[in-house]
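J.: predicted model and sequence below, questions to follow.
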Amino acid sequence: MKGDGRQLEDDMLVSLIIKRVQMKDCLANGWVLEDFPKTRNQAMFLAKRGIVPTNVFFMKQTVEETYKRTHGTADTKFGSNRTILATRLRLFQENNPHLIAFYSRLYNSLIEIDSTKSKWYIEERALGEVQRNIEAR
């Protein structure tokens, strides 16, 4: 489906995610969603079904930096195809303010991370936030 540019409907996608996070291993160890939700509507579907991430990481990076980082892999990897990348970035920019508002205002769970810094900084920042939440329980 992804190769054809088609996507699952939001309610179907959320149902599949909910099924997965309710499995024994996720209940015991926790779970991570990467690149989801992409829209406020998807975030609301998750919340209505009782799935509210404890930490929502927003990796701040400019469009220019994204193109720069993917330049060497242009047209060799699905995610780096320039046409698809341009579409994904446009949709991200349209939906981003709504997602940020949703998780920061309603759940106070948004953590912004400057992704132009080193991978060690990013890892340390993310793990530190997760650890703070675990200790607060």
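T.: Thanks, I have it.

J.: okay, which residue is most central for the protein?
T.: For the chain, the residue nearest the mean C-alpha position is Asp35 (3.0 Å; Cα atoms, centre = their mean).

J.: quick check: that one vs Leu127, distance?
T.: Noted for Asp35: a distance of 19 Å to Leu127, by Cβ to Cβ, to the nearest Å. The C-beta positions use only the backbone N, C-alpha and C, and glycine is treated the same way.

J.: any weak-confidence spans in the chain?
T.: For the chain, the stretches with pLDDT under 70 are 1-6, 74-80.

J.: the strands in it, which residues?
T.: Under the criterion DSSP state E, the chain contains strands at 56-60, 110-114.

J.: residues contacting Ile111?
T.: Contacts for Ile111 (Cβ atoms under 8 Å, 6 or more residues apart in numbering) come out as 55-58, 125-126, 129.

J.: just to revisit the earlier point, and the residue nearest to the centre of the chain, backbone torsions?
T.: The phi/psi pair for Asp35 (degrees, to the nearest 10) reads phi 70, psi 30.

J.: roughly how far does it sit from Ile51?
T.: Note on Asp35: its distance to Ile51, by Cβ to Cβ, is 16 Å.
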